[in-house]
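Asker: Got a predicted model here, sequence first, then my questions.
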Amino acid sequence: MNIVIIGNGVAGITCAQVARQRDADARITVVSGETDYFFSRTALMYSYMDLMSRRDLEPMERSVYRKQRIDLVRDWVVDMDASASTVKLGSGSTLPYDKLVFAVGASPNMFPWKGADQIKDGKVHFVSMQDLDDCERLTKTSKQAVVVGGGLIGIELVECLLHHGVKTTFLIREPYYWPMALGREEADYVTEHMRHHGVDVRLEEEMTQIQVDAAGRVSGVVTNTGETLPCQMLGIAAGVKPNVERIKAFADAPELGRGIKVGPTLETNLPGVFACGDCAEIHYPGQERPLTELIWYSAKRQGALVGGNLFGDAAEYAPPLFFNSSKFFEVEYTTVGSVMDAPDNAPTLYRKLPGKYMSQRIVHDGERVIGFNMLGSRWNHEILERWIHERRSAEWVEKNLRSAQYDVEFGRAPLHKHDVQAMPLNKEWP
Ligand SMILES: Cc1cc2nc3c(=O)[nH]c(=O)nc-3n(C[C@H](O)[C@H](O)[C@H](O)COP(=O)(O)OP(=O)(O)OC[C@H]3O[C@@H](n4cnc5c(N)ncnc54)[C@H](O)[C@@H]3O)c2cc1C
């Protein structure tokens, strides 16, 4: 069998490895225009902050591809011919396939802000290796920056800029930081933490105009308050979307929606053509809203599932219990299950440790726990997940919480019982 995978991110490479386990003789080719080798996108910030070399971002030894006979091609796929079962590369050559996998990831959102069409330089995103190149180049000649967009990528970019001594303003359109993921209480102290680090955080403030100098480099932004913020770098971190722009121009293409439309087995409308990872828009029969999951762990699971389905498994993708972990500067963050997407006014047990950037939020439905938002210390997400599956009550979880806490080597963070507050989940916004 001749398998072609477009995209060498976690979805594409996991798919290739599973396919190799299934068939020692299959020809497996992974094409990617971004980099020669798979790298950890989630660790981009550590390279920008000079804490990791670019080579260290690669989770696997380069010899693995040779040993597993996974052929890597550095090029962009620019077209496909479904009837001839070929894809066309930017270099002009074509690759035939028996099975084709789109694992093309996500791309950053950009909106038609006034002045955006005048920009020749100074605007960055923080998603790709080329974005990192831009960031590193521009940092050298920037004293001030503005970052737009109050999510995870935004805060990472802000932290990197600050690390390099660039005075940074963080424009957050919403009344508090990252309402999709955090309750107001957590968001308020993450904001306080950012300000403590010297970030100029502006809530409910958005960019209305971009200014450029005579050479077309960003020189400032105007906000909805009328203020002009001078800057030499403008970071746009206003979310990401499935990366389908290039595919829209293909003569033949699988059916597209917001992403590449697939059914539960992650096969597109074209037989033998699959999509997985950030780019996949999964439609389940009887469900109105399709599922797109733009997170690492899901991309890996979807890639593995497609790796088997290439060989006729017909396994259906069932989204796992949501889990994510990250850091807001020094504040550890672990989330499991349903939190901000929990039913309206789901009861919450919430506590913040006095004087520390540390909090726990346990969301339940009156009978059983359905989600956790844990900030400021490290938690074993597998235990938290198990408690949700075991349908443990909030009282039981509260009593046993300590056993899920990781910070043993530093002395576990204290859990002061008297600080626990019962409150409804904040549903004021939007
Ligand atoms: C800064 C940052 C921080 C993040 N932090 C977290 C986190 O803490 N937790 C978490 O769960 N997720 C995080 N994510 C999201 C996570 O990185 C993604 O969900 C994951 O990498 C998606 O993997 P993927 O394989 O689907 O796509 P990608 O890793 O995007 O790989 C797709 C590849 O395909 C290439 N490609 C696209 N089109 C073509 C074409 N036509 N021809 C050839 N090649 C093509 C792309 O250039 C890219 O290299 C973060 C993302 C970013 C940018």
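Answerer: Done, it's in.

Asker: how many neighbours does residue 310 have?
Answerer: Residues within reach of residue 310, counting by other C-beta atoms under 10 Å, total 25. (Glycine included, C-beta is placed from N, CA and C.)

Asker: Can you verify my assumption that it contacts residue 101?
Answerer: Yes - at 7.4 Å, residue 310 and residue 101 qualify as touching, with contact defined as C-beta atoms under 8 Å.

Asker: Now list whatever residues contact both of the two.
Answerer: Shared contacts of residue 310 and residue 101 (C-beta atoms under 8 Å, 6 or more residues apart in numbering): 3, 15, 274.

Asker: now whichever strand or helix holds the last one, how far from the centre of its chain.
Answerer: Spelled out, it's residue 274. Using DSSP states H and E, residue 274 maps to strand 273-275. Put simply, strand 273-275 sits 21 Å off its chain's centre (C-alpha atoms, centre = their mean, to the nearest Å).

Asker: again, but for stretch 253-260
Answerer: 20 Å.

Asker: cool, stretch 356-372 as well?
Answerer: 23 Å.

Asker: for stretch 96-111, same thing?
Answerer: Here the centre of stretch 96-111 is set off from its chain's centre by 15 Å, with C-alpha atoms, centre = their mean.

Asker: and if you look at stretch 229-244?
Answerer: Centroid displacement of stretch 229-244 relative to its chain, using C-alpha atoms, centre = their mean, is 14 Å.

Asker: end-to-end on it?
Answerer: Stretch 229-244 has an end-to-end distance of 34 Å (criterion: C-alpha to C-alpha, to the nearest Å).

Asker: rewinding a little: in the shared contacts of residue 310 and residue 101, which residue is surrounded by the most others?
Answerer: residue 15 leads those on contacts (other C-beta under 10 Å) with 32 neighbours.

Asker: any idea which helix or strand carries it?
Answerer: Going by DSSP H and E, residue 15 is part of helix 10-22.

Asker: Output that helix in CSV with nothing but the alpha carbons.
Answerer: The C-alpha trace of helix 10-22 is given here as CSV (Å, rounded to 0.1, in the frame of the first residue of the first chain):
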residue,chain,number,x,y,z
VAL,A,10,1.7,15.2,15.9
ALA,A,11,-1.3,13.9,14.0
GLY,A,12,0.6,13.1,10.8
ILE,A,13,3.6,11.5,12.4
THR,A,14,1.5,9.4,14.9
CYS,A,15,-0.6,8.2,11.9
ALA,A,16,2.6,7.2,10.0
GLN,A,17,4.0,5.3,13.0
VAL,A,18,0.8,3.4,13.6
ALA,A,19,0.6,2.6,9.9
ARG,A,20,4.1,1.2,10.0
GLN,A,21,3.2,-1.0,13.0
ARG,A,22,0.3,-2.4,10.9
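
Asker: Buried residues, it. List them.
Answerer: Buried residues in helix 10-22, counted by 16 or more other C-beta atoms under 10 Å: 10-20.

Asker: Against residue 223, how distant is the most centrally placed residue in the chain?
Answerer: The centroid of the chain falls nearest to residue 295 when counting by C-alpha atoms, centre = their mean (4.6 Å). Using C-beta to C-beta, to the nearest Å, residue 295 is found at 30 Å from residue 223.

Asker: likewise residue 325?
Answerer: 32 Å.

Asker: So which of these two has more stuff around it?
Answerer: residue 223 (18 against 15).

Asker: can I assume that one is in contact with residue 173?
Answerer: No - contact criterion C-beta under 8 Å: residue 223 and residue 173 do not qualify, at 10.2 Å.

Asker: So for these two, which residues contact both of them?
Answerer: 205-206.

Asker: all strands of the stretch 51-200 of the chain, in order?
Answerer: Using DSSP state E, counting those that start in this stretch, the strands of the stretch 51-200 of the chain run over 70-74, 77-81, 86-89, 94-96, 99-102, 106-108, 123-124, 144-148, 167-172, 200-203.

Asker: Not counting the longest one itself, show me its contacts.
Answerer: If I follow you right, that is strand 167-172. Residues outside strand 167-172 that contact it (C-beta under 8 Å, 6+ apart) are 143-150, 154-155, 158, 161-162, 194, 198-207, 221, 223, 229, 231.

Asker: Mind listing what's buried along the very next helix or strand once past the helix holding residue 15?
Answerer: Going down the chain from helix 10-22, the next helix or strand is strand 27-32, by DSSP H and E. By 16+ other C-beta under 10 Å, the buried positions in strand 27-32 come out as 28-32.
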